[in-house]
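> coordinates only, sequence not included:
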């Protein structure tokens, strides 16, 4: 990583934060009908397409169905972000249903994100060494960006090892348990992050979900002896596609320019990214409200289905030259180019 670069201190924009606080109160209700219809529909389409990719003849048809499965299941998986912010009674039964239909079958149970993602939103942790979801990627070497994305290809195999091998070993040997909990029990990108023991309210759910994911990992391995390699290969290919798409989305969720210092709320907002309409592809690569990632950092309690309304209101009420509009970008590729150019700056 390059030496630290002097960055201007960004004071908080009081008008923007006051308006955000008002919207957080007005738009905080979760619409259960939207959550259930969106998640169940995405999961149904995704699994149907995956099944089609397994049984269909022809490479072209298999690829098209695989792409459909990737997009639909990626949307279903993205609800893990909502779960990390939701109270248990916001949408009754939704957490259990999501874990049963999506989290355990794709080996990303909600405990991997619960009590982790909220640390990314902590006022004094964002962008620091204690943030599990932050690295100064824009200030690293150019080769770190392709490595960051390519590593996602291996995630499905890593998850099978995590739940199929390390989970049972950790149940037998306490030192292994601590190692697995600290190093392999969080969806984080900061390699220095070490996860603490879960709170009592999460511990029982953690054990149940980990057991379910362990049994599913064994079933995936055993499926080869019953159905051959094709079903598992299709599953792993779709899972890798989901992982790479999410990693690309993560790559452009922030500008990744902070080198560890604590930032004001406004500075955190400006280091984050919105890709609002008219971008037509953003709902595919940044679904379930993730296209409004910067706004989400202002309104973490607002459900995804209200973020579009919140964005329209903020953009309308604040002046065109407002700080608020400086976090909006036209799409993924300009952001990838911006970060790539930043990694290529000569060290001074």
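Sure, I can see it. Values in this document were obtained by computation on a predicted structure and should not be read as measured data.
> contacts and neighbour counts: CA atoms only from here.
Fine.
> for this structure, longest helix please?
Scanning the chain for the longest helix, with DSSP state H as the assignment, gives helix 200-227.
> which residues sit against the next helix or strand after it?
Using DSSP states H and E, the helix or strand that follows helix 200-227 in sequence is helix 229-251. Residues from elsewhere that reach helix 229-251, judged by Cα atoms under 8 Å, 6 or more residues apart in numbering: 50, 53-54, 66-67, 69-71, 73-74, 106, 148-150, 152-157, 220, 223-224, 285-286, 332, 336.
> mind redoing it with 7 Å?
For helix 229-251, contacts defined as Cα atoms under 7 Å, 6 or more residues apart in numbering pick out 54, 66, 69-70, 74, 149, 152-156, 220, 224, 285-286.
> in PyMOL, select just the buried ones from those residues.
Command for PyMOL that selects the buried part of the contacts of helix 229-251, burial taken from 16 or more other Cα atoms under 10 Å:
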select buried, resi 54+66+69+70+74+149+152+153+155+156+220+285+286
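> tell me the one of the contacts of helix 229-251 nearest residue 25?
Of all the contacts of helix 229-251, residue 25 sits closest to residue 286, with 24.7 Å by Cα to Cα.
> tell me the pLDDT of the closest one.
pLDDT, residue 286: 98.
> can you give me the neighbour number for the nearest residue to it once chain neighbours are set aside?
Spatial nearest neighbour of residue 286, excluding adjacent residues (Cα to Cα, 6 or more residues apart in numbering): residue 249 at 6.3 Å. Using other Cα atoms under 10 Å, residue 249 is surrounded by 20 other residues.
> same question for residue 25.
Other residues close to residue 25 by other Cα under 10 Å number 12.
> got a list of what it touches?
By Cα under 7 Å, 6+ apart, residue 25 has no neighbours at all.
> element containing it?
Here residue 25 is assigned to helix 14-26, by DSSP H and E.
> returning to what we had before: show me the contacts of helix 229-251 that map onto helices.
54, 66, 69, 70, 74, 149, 155, 156, 220, 224, 285.
> which of these sits closest to residue 23?
For the ones in helices among the contacts of helix 229-251, the nearest to residue 23 is residue 285 (25.8 Å; Cα to Cα).
> need the contact list for the closest one.
Counting by Cα under 7 Å, 6+ apart, residue 285 has contacts 245, 249.
> quick check: the farthest pair among the contacts of helix 229-251?
Farthest pair in the contacts of helix 229-251, by Cα to Cα: 224 and 286, 33.4 Å.
> can you confirm residue 288 is in a helix?
No - checked against DSSP: H, G, I helix; E, B strand; the rest coil, residue 288 lies outside a helix; its state is coil.
> can you pull out the helices in the stretch 51-200 of the chain?
Under the criterion DSSP state H, counting those that start in this stretch, helices of the stretch 51-200 of the chain are mapped to 59-77, 79-83, 94-98, 117-120, 144-150, 155-161, 167-172, 174-183, 200-227.
> dump those to TSV, plus distance to residue 111 and mean pLDDT.
Converted to TSV, these look like this (distance: least, Cα to Cα, whole Å; pLDDT from 0 to 100):
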stretch	distance to residue 111	mean pLDDT
helix 59-77	13	98
helix 79-83	9	98
helix 94-98	11	98
helix 117-120	10	95
helix 144-150	23	92
helix 155-161	14	97
helix 167-172	14	96
helix 174-183	11	96
helix 200-227	6	96
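> distance to residue 138 added to those, as JSON lines?
As requested, the helices of the stretch 51-200 of the chain are exported to JSON lines (distance: least, Cα to Cα, whole Å):
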{"stretch": "helix 59-77", "distance to residue 138": "25"}
{"stretch": "helix 79-83", "distance to residue 138": "24"}
{"stretch": "helix 94-98", "distance to residue 138": "34"}
{"stretch": "helix 117-120", "distance to residue 138": "18"}
{"stretch": "helix 144-150", "distance to residue 138": "9"}
{"stretch": "helix 155-161", "distance to residue 138": "23"}
{"stretch": "helix 167-172", "distance to residue 138": "35"}
{"stretch": "helix 174-183", "distance to residue 138": "24"}
{"stretch": "helix 200-227", "distance to residue 138": "34"}
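> among those helices, which is nearest residue 21?
Closest of those to residue 21 is helix 117-120, at 18.2 Å (criterion: Cα to Cα).
> that closest one: how far from the chain's middle?
11 Å (Cα atoms, centre = their mean, to the nearest Å).
> got the buried residues for stretch 190-201?
190, 193, 194, 195.
> what pLDDT does the model give the nearest residue to residue 198 once chain neighbours are set aside?
Leaving aside its sequence neighbours, residue 198 sits nearest to residue 115 (Cα to Cα, 6+ apart; 7.7 Å). Note for residue 115: predicted pLDDT of 94.
> next: residue 4.
48.
> same question for residue 347.
Residue 347 is given a pLDDT of 50.
> and if you look at residue 126?
95.
> for it, give its distance to residue 18.
21 Å (Cα to Cα, to the nearest Å).
> neighbour count for those two, which is higher?
Using other Cα under 10 Å, the more surrounded residue of residue 126 and residue 18 is residue 126, with 24 against 11.
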